[in-house]
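Q: Can you look at this prediction? I've put the sequence above it.
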Amino acid sequence: MTLRTTLILGASAIALAACQGVDLSSLRNGIDRRPDTAGSAQNVAPRPKPDARGVISYPNYQVIVANGGETMDELAGRVGMTGADLARHNGLPVTYRPRGGEVLALPKGIVTPAGQTDTANSTTNLESIASTAIGRADGQTTTTTAAVQQGPEPIRHVVEPGETAYSIARLYDVSVNSLASWNGLGKDLEIRNGQQLLIPVVADGSPRRDVAAAATQPGDGSPTPLPPSSVDPLPDPDEVKSSPVPKSPNLVEQRTASSNVPKMQRPVSGKVLRGYSTKPGGNEGIDFAAPKGASVQAADDGEVALVSSAGSNTKIVLIRHPGNVYTVYSNVSNVAVKKGQKVSRGATVGKVAGGSPSFVHFEIRKGTESVDPTPYF
């Protein structure tokens, strides 16, 4: 075969591949690097629908879905961010224009379920905390409008140099099409270093097949080395020179005296009616039994950040403490403090409003996220 004939056949093969939609970049050096995911990949569920802001919320992270044609400022403005901050978090230039359906990661805590920004001094943010406490005081599960997705949480894969959409799809045993659909990839399936990709979950709702379990474990197939003692026997005990054993330190004498003062005090002295729970429909604080009219006391030194009406002549009181920590007191009446007032640990915040049974609802929050108050007492 002449050189001219070889070149003509090679050009024809490339043209045919292009017509059939074959990714020519995967044929470098004559090796087809595209994984065969058509028959082996698991069936996956469709990506959840975003809320009105375009946000999809999971227990440990949130993403925002672009509409297409938006600037970064317009996209970020939906959740109260700047385009520069959103671009920086995703490793993008601020001039980038996301494709329709493209998924971008949101910084943790930047958006609450109700859509407020996580700003420590934001009045809107404080009202969000108060509104949640109102729901707790009324026995409701939540007052927010954006539900966190239930079921398995998709793995987030951070793209590393040299990876392609095909190699990532093969790694997690999903099809390239489903990976592209979940993340709004373009027709060229282009991905970038540092991009956070959502790995589609299995259609039946079961956890994604554990691809790591099928991987070769460290040491598999490697010969086990012989221990030194099997070649050179250990020396006779009489040949080993003994050394004096150092005197053990007296740990009792050296230990630092512990403090019996808890981090915070309870707002009332009654028993726990309902404890803290992170389960759906759970309690984001603790409900303490207390007689109507009993004093509700500040858990620690701080500044009153908000006094809000909860209806039925009851109030919500938020006290800000160092480290962006807030304590929340609800089902309170006869409030004895006002916004901006400095309060000391144990100071009277108000009175227990009553109820059946009579109680006070108490929360501890770091920013907008609730934490279990129990370790603080």
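A: Done, it's in.
Q: Tell me how many other residues crowd Gly285.
A: Close neighbours of Gly285, defined as other C-beta atoms under 10 Å, add up to 27. All C-beta atoms are positioned from the backbone trio N, CA, C, and that covers glycine.
Q: Nearest spatial neighbour of Thr95, chain-adjacent residues omitted?
A: Closest residue to Thr95 apart from its sequence neighbours, by C-beta to C-beta, 6 or more residues apart in numbering: Met72 at 7.5 Å.
Q: was I right about that neighbour contacting Gly83?
A: Yes - assessed by C-beta atoms under 8 Å, Met72 is found in contact with Gly83 at 3.3 Å.
Q: Tell me which of these two has more neighbours.
A: More crowded of Met72 and Gly83, by other C-beta under 10 Å: Met72, with 25 against 19.
Q: any idea how far the more buried one is from Pro93?
A: Here Met72 is placed at a distance of 8 Å from Pro93 (C-beta to C-beta, to the nearest Å).
Q: and if you look at Ser57?
A: Ser57 is 27 Å from Pro93, by C-beta to C-beta.
Q: So those two - more neighbours on which side?
A: Ser57 (21 against 9).
Q: which stretches of the chain form helices?
A: Assigned by DSSP state H, the chain shows helices spanning 3-19, 72-77, 83-89, 123-137, 165-172, 176-183, 228-231, 251-254.
Q: Pull out the buried positions in the fifth one.
A: Put plainly, it is helix 165-172. Of all the residues in helix 165-172, those buried under the rule 16 or more other C-beta atoms under 10 Å are 165-170, 172.
Q: Check the separation of the first and last residues in stretch 83-102.
A: 15 Å (C-alpha to C-alpha, to the nearest Å).
Q: low pLDDT regions in the protein?
A: For the chain, the stretches with pLDDT under 70 are 1-42, 109-147, 151, 203-245, 252-261, 280-281, 311-312.
Q: Please repeat the previous calculation with a cut-off of 50.
A: 3, 5-9, 11-40, 114-120, 139-146, 206-216 (pLDDT under 50).
Q: what residues are up against Leu179?
A: By C-beta atoms under 8 Å, 6 or more residues apart in numbering, Leu179 lies in contact with 165, 168-169, 172, 185, 197, 199-200.
Q: sorry, back to before: find residues that contact each of Met72 and Pro93.
A: Here Met72 and Pro93 have Ala87 as joint contacts, going by C-beta under 8 Å, 6+ apart.
Q: shouldn't Asn283 be in contact with Ser330?
A: No - the pair Asn283 and Ser330 fails to qualify as a contact (C-beta under 8 Å) at a distance of 11.9 Å.
Q: So for these two, which sits in the more crowded spot?
A: Per other C-beta under 10 Å, whichever of Asn283 and Ser330 has more neighbours is Ser330, with 28 against 19.
Q: Go ahead and confirm that one touches Val352.
A: No - assessed by C-beta under 8 Å, Ser330 is found out of contact with Val352, at 10.6 Å.
Q: Need the residues touching each of the two.
A: Joint contacts of Ser330 and Val352 (C-beta under 8 Å, 6+ apart) are Val360.
Q: Return the distance of Val349 relative to Met81.
A: 34 Å.
Q: wait, Arg97
A: 16 Å.
Q: Of those two, which one has the most company?
A: Met81 (21 against 14).
Q: Compute the distance between that one and Val343, please.
A: Taking C-beta to C-beta, one finds Met81 at 33 Å from Val343.
Q: And Glu102, by the same measure?
A: With C-beta to C-beta as the criterion, Glu102 and Val343 are 48 Å apart.
Q: same deal with Val201?
A: 47 Å.
Q: Which one of those two is surrounded by more residues?
A: Shown here are Val201 and Val343; by other C-beta under 10 Å, Val201 has more neighbours (25 against 20).
Q: isn't that one right up against Arg47?
A: No - contact criterion C-beta under 8 Å: Val201 and Arg47 do not qualify, at 9.3 Å.
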